[in-house]
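S.K.: With the input below, show me the fold.
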Amino acid sequence: MSKIYSLDGKKAEDIKLPDVFKAEFRPDLIQRAVVSAEANKRQSYSAKKRAGMGTTADYFGRRRDTYRQTINRGQSRLPREKTGGGGLGKVRRIPQSMGGRRSHPPLGKDFTKKLNKKEYQLAIKSAIAATANSDLIKERGHRIEKIKEFPLIIEDSFEKLNKTREVKKTLNILGIGDDLIRAREKKIRAGRGKMRGRRYKRKKSILIVVNEDSGIKSGARNIPGVDISLINELNIELLAPGTHAGRLTLWTKGAINNIEKAIMKNGSR
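M.R.: Numbers count the residues shown, from 1 in each chain. As a prediction, the model looks like this:
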């Protein structure tokens, strides 16, 4: 049994935890699942099949006895545009021409990594169970000294909070304020990423898992480090950022009641 807390931090009722919270901790499967999910987001690297070939230009073979001749014009025998009146235009299609194709384009690389459905389900179950393990949560760097119990569950009325100050107030009452302060800090990224629109790095704070969005997403989205997810959209990257399980997570009662059904749905991706 676990406690369900009200918005003022008092015990509202007890709830029996689903069996998923008893799952074995499998960091190997969690790592494979996260790496697979991140790899599958990458766009395959290759050139367009007909890059540089979208033109009317053609190669006409012999210099003599053809409709469009190049002899005695000082023109090379290369693919040229078909201009009006039987003439020849600019050179196209070949690498050294304007707008031509690349000389040796990449053959194409597929970055996707496959993972069996049952392995993904085991990984997500293991990551969910890790949210109830205070030792793993501490290892991730979360500040949980003031939090009374894991997993941390709150009543469904929390889903209706649509003001940031209301959400912050409730999180502070539950003892999550110290971790929110930790996540405010941002550091300048090392390397080329500074020049590519990702200059700063932030720490991950609490993950809020709800059954329905009745305003909570607009209320919590501007808090640094906080992620909000519907139970049906819960994935391994949210539960184990950077392949490290044990993320500080706040569940609503409705999310806990529908967690088994969501795992089966998310596992059959």
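
S.K.: residues touching residue 167, list them.
M.R.: Residues in contact with residue 167 (Cβ atoms under 8 Å, 6 or more residues apart in numbering) are 161, 216, 219, 220, 223. To be clear about C-beta, it is placed using only N, CA and C from the backbone, and glycine gets the same treatment.

S.K.: Buried subset of those, written for ChimeraX?
M.R.: Buried subset of the contacts of residue 167, written as a ChimeraX selection, criterion 16 or more other Cβ atoms under 10 Å:
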select :161,216,219,220,223
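
S.K.: Going by distance to residue 238, which of the contacts of residue 167 wins?
M.R.: residue 220 (13.6 Å; Cβ to Cβ).

S.K.: The contacts of residue 167 in helices, which ones?
M.R.: 216, 219, 220 (DSSP state H).

S.K.: and the closest residue to the first one other than its chain neighbours, what pLDDT?
M.R.: Computed as Cβ to Cβ, 6 or more residues apart in numbering, the closest residue to residue 216 that is not its neighbour in sequence is residue 159, at 4.9 Å. In this prediction, residue 159 carries a pLDDT score of 94.

S.K.: How many residues are close by residue 159?
M.R.: Counted with other Cβ atoms under 10 Å, the neighbours of residue 159 add up to 24.

S.K.: what about it, distance to residue 18?
M.R.: 19 Å (Cβ to Cβ, to the nearest Å).

S.K.: Can you show me the helices along this structure?
M.R.: Using DSSP H, helices in the chain cover 27-39, 117-130, 134-139, 164-173, 177-184, 216-220, 236-239, 253-257, 259-267.

S.K.: Distance to residue 4 and mean pLDDT for those helices - can I get that in JSON lines?
M.R.: What follows is the helices of the chain, written out as JSON lines (distance: least, Cβ to Cβ, whole Å; pLDDT from 0 to 100):
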{"stretch": "helix 27-39", "distance to residue 4": "27", "mean pLDDT": "95"}
{"stretch": "helix 117-130", "distance to residue 4": "17", "mean pLDDT": "95"}
{"stretch": "helix 134-139", "distance to residue 4": "18", "mean pLDDT": "94"}
{"stretch": "helix 164-173", "distance to residue 4": "14", "mean pLDDT": "95"}
{"stretch": "helix 177-184", "distance to residue 4": "20", "mean pLDDT": "94"}
{"stretch": "helix 216-220", "distance to residue 4": "16", "mean pLDDT": "94"}
{"stretch": "helix 236-239", "distance to residue 4": "21", "mean pLDDT": "95"}
{"stretch": "helix 253-257", "distance to residue 4": "6", "mean pLDDT": "94"}
{"stretch": "helix 259-267", "distance to residue 4": "14", "mean pLDDT": "79"}
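
S.K.: and those helices as TSV, adding distance to residue 204?
M.R.: Formatted as TSV, the helices of the chain follow (distance: least, Cβ to Cβ, whole Å):
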stretch	distance to residue 204
helix 27-39	13
helix 117-130	14
helix 134-139	12
helix 164-173	15
helix 177-184	7
helix 216-220	14
helix 236-239	9
helix 253-257	19
helix 259-267	20
